[in-house]
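Engineer: Show me the folded form of this:
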Amino acid sequence: MREINNDAAGGRGVASSERRRSGPSRRDVLRLSGVAAVAGGAVAAASGSASAGEVKECGDWPDSPDGYPTIDLAEDVPPTWDWYPAEVCIYAHGWKGRETRDDQAYALDLELADAGYHEVVVAATWDSDTLNFWGAEGNADEAGTRLGRWIRQQFGGTQTTVRLVGHSLGGRLSLNAIDELDGDVVLETVALLGAAVEDDSVCDDGRFADGIRDSAVDVYNYHSHEDATVCTIYDLSTLGSGVGCAGADCGGWFTDGETPDNYHDVDVTASVPDHCAYFDPIREAGCIDRVVADFRE
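Structural biologist: As a prediction, the model looks like this:
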């Protein structure tokens, strides 16, 4: 990995928005209607189309150096390392990002360095390159479990500071990883960028609440209303709302209205114009200055 000596840049952005609603959520309404069954068939028929895939893919990443460090979560038991950095940031890509995983991680590396963060960045890759979105969700769940086990084996009992950044379905993977850890290793930060995961799964009684409380110091969810992939495509594919669009929705019939105290919604709509722009050194777009500011909190 190349050495980066950029000066620290940026400061803390706007305060995070803790989003609470009252009344039934859109997800609750869909659960109780017959619309889900009808629309689900239409989405399934379209899920393998080229246009659907093109909407969700990101490109124009900078070329990464040869041999970029990678954790291959497509393997049942990814090999551990014989070295222990003082701090490491693990990046998990999203749907259909396996071929560009190193380039994406390198792009994040560049943006982190520009914001003053100069620690080791590695790519965590998984079996994401399927046209079946529901299959990709299942693969992300399995990969997250493997990553949690890998982190436990690699860093359990060490002094290494571990941070985890997940983009899109990589956010779902990240939440599964801390759920698997069950407090055995506590990550310093989990940063979700445009996460393609249910907006009530991070609530106090949601699927990932225990992992958030027990296996991370802080979990930040960076979301953008301009992220059409999560705000529109994800909604159509799952008939629910993604946490990467407008943050947590804990005010429906099936939730108690709160998120864990260490979970923070951060609205980055002003700096993130689309799903591929949470970090983009080529277009100079994104929210990584805010991410690094939150690393330092």
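
Engineer: Skip the chain neighbours and tell me the closest residue to residue 158.
Structural biologist: Spatial nearest neighbour of residue 158, excluding adjacent residues (CB to CB, 6 or more residues apart in numbering): residue 84 at 5.3 Å. C-betas here are computed from N, CA, C, even on glycine.

Engineer: tell me how far stretch 237-247 is from the chain's mean position?
Structural biologist: Distance of stretch 237-247 from its chain centroid, counting by CA atoms, centre = their mean, to the nearest Å, is 13 Å.

Engineer: contacting residues around whichever strand or helix holds residue 289?
Structural biologist: Residue 289 is part of helix 288-295 when elements are defined by DSSP states H and E. Applying CB atoms under 8 Å, 6 or more residues apart in numbering, the contact partners of helix 288-295 are 9-13, 108, 111-112, 114-117, 163, 165, 188-189, 191, 193, 218, 220, 222, 264, 266, 268, 271, 278-279.

Engineer: Can I get the buried part of these as one ChimeraX selection?
Structural biologist: Of the contacts of helix 288-295, the buried ones go into a single ChimeraX selection, burial set by 16 or more other CB atoms under 10 Å:
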select :13,108,111,112,114,115,116,117,163,165,189,191,193,218,220,222,264,266,268,271,278,279
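
Engineer: follow-up on the earlier one: the residue nearest to residue 158 contacts residue 160, correct?
Structural biologist: Yes. Taking contacts as CB atoms under 8 Å, residue 84 lies within contact range of residue 160: 5.3 Å.

Engineer: Settle it for me: which of those two has more neighbours?
Structural biologist: A direct count of neighbours by other CB atoms under 10 Å for residue 84 and residue 160 places residue 160 higher, at 18 against 11.

Engineer: ok, that one - contacts?
Structural biologist: 84, 85, 86, 87, 88.

Engineer: Now do the same contact list for the third one.
Structural biologist: Which is residue 86. Contacts of residue 86 (CB under 8 Å, 6+ apart): 119, 159, 160, 161.

Engineer: On the pLDDT front, check the second one for me.
Structural biologist: Put plainly, it is residue 159. At residue 159, the predicted lDDT confidence score is 96.

Engineer: Doesn't it lie inside a strand?
Structural biologist: No. The assignment for residue 159, made by DSSP: H, G, I helix; E, B strand; the rest coil, is coil rather than a strand.
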